[in-house]
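Colleague: No sequence on hand, only this structure:
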């Protein structure tokens, strides 16, 4: 009979589920679910932004073709700018999904670096010296962009070399 009592008590504690856990564990679990839901909401927002952006870019291209401004280099650069911005949105979306799916940290780091590279390429494509008050200001900005791009490329190379070494261990 004492065996039945022990198994009965064990069954009651397993039936109690969440109630039998300490408050801190229940709170942590609830917050984890809340954050997971917010991550999914963020991913949804980025997916919707991407869809709207693609539709808008398509309409802009058709409008430029219809008006004949498609041959204007500044219009084409505007399309490239929008396209690269859409790629940044996709990279951020993929980064959020990597967090949601709890991918390995290497995948998340790669996505963040790729996002940085795309963002800096976008800045370089849109770079106009006329947007700066002085030539030294423009040179300082150009030098800063170059340093950031070289640093990102260095991170990609390092991640490729050292990341693959650690993946084989």
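Modeller: In hand now; what should we look at? Computed from a predicted model, the values in this text were never measured in an experiment. Residues are numbered from 1 along each chain as shown.

Colleague: The longest helix anywhere in the chain - contacts with which helices or strands?
Modeller: Longest helix in the chain by number of residues (criterion: DSSP state H): helix 23-67. Counting contacts by 3 or more C-beta pairs under 8 Å, 6 or more residues apart in numbering; DSSP states H and E, helix 23-67 is packed against helix 73-100. (Each C-beta comes from the backbone N, C-alpha and C, glycine too.)

Colleague: The very next helix or strand once past the helix it packs on: which residues count as buried?
Modeller: Counting by DSSP states H and E, the next helix or strand C-terminal to helix 73-100 is helix 105-126. Across helix 105-126, burial judged by 16 or more other C-beta atoms under 10 Å covers 108, 110-123.

Colleague: Looking at these, which one is closest to residue 163?
Modeller: Comparing these against residue 163 with C-beta to C-beta picks out residue 110 as the nearest, at 7.9 Å.

Colleague: and the closest one, what is it in contact with?
Modeller: Counting by C-beta atoms under 8 Å, 6 or more residues apart in numbering, residue 110 touches 159, 163.

Colleague: Quick check: pLDDT value at it.
Modeller: For residue 110, the model assigns a pLDDT of 85.

Colleague: Likewise for residue 153?
Modeller: At residue 153, the model reports a pLDDT of 90.

Colleague: can you give me how far the host helix or strand of it is from the chain middle?
Modeller: For residue 153, the host element (DSSP H and E) is helix 135-167. In terms of C-alpha atoms, centre = their mean, to the nearest Å, the gap separating the centre of helix 135-167 from the centre of its chain is 18 Å.

Colleague: And it, what does it pack against?
Modeller: Using 3+ C-beta pairs under 8 Å, 6+ apart, helix 135-167 sits against helix 105-126.

Colleague: any idea of the angle the helix it packs on forms with helix 73-100?
Modeller: Orientation note: helix 105-126 sits at an angle of 170 degrees relative to helix 73-100 (axes from the mean of the first three to the mean of the last three C-alpha atoms, to 10 degrees).
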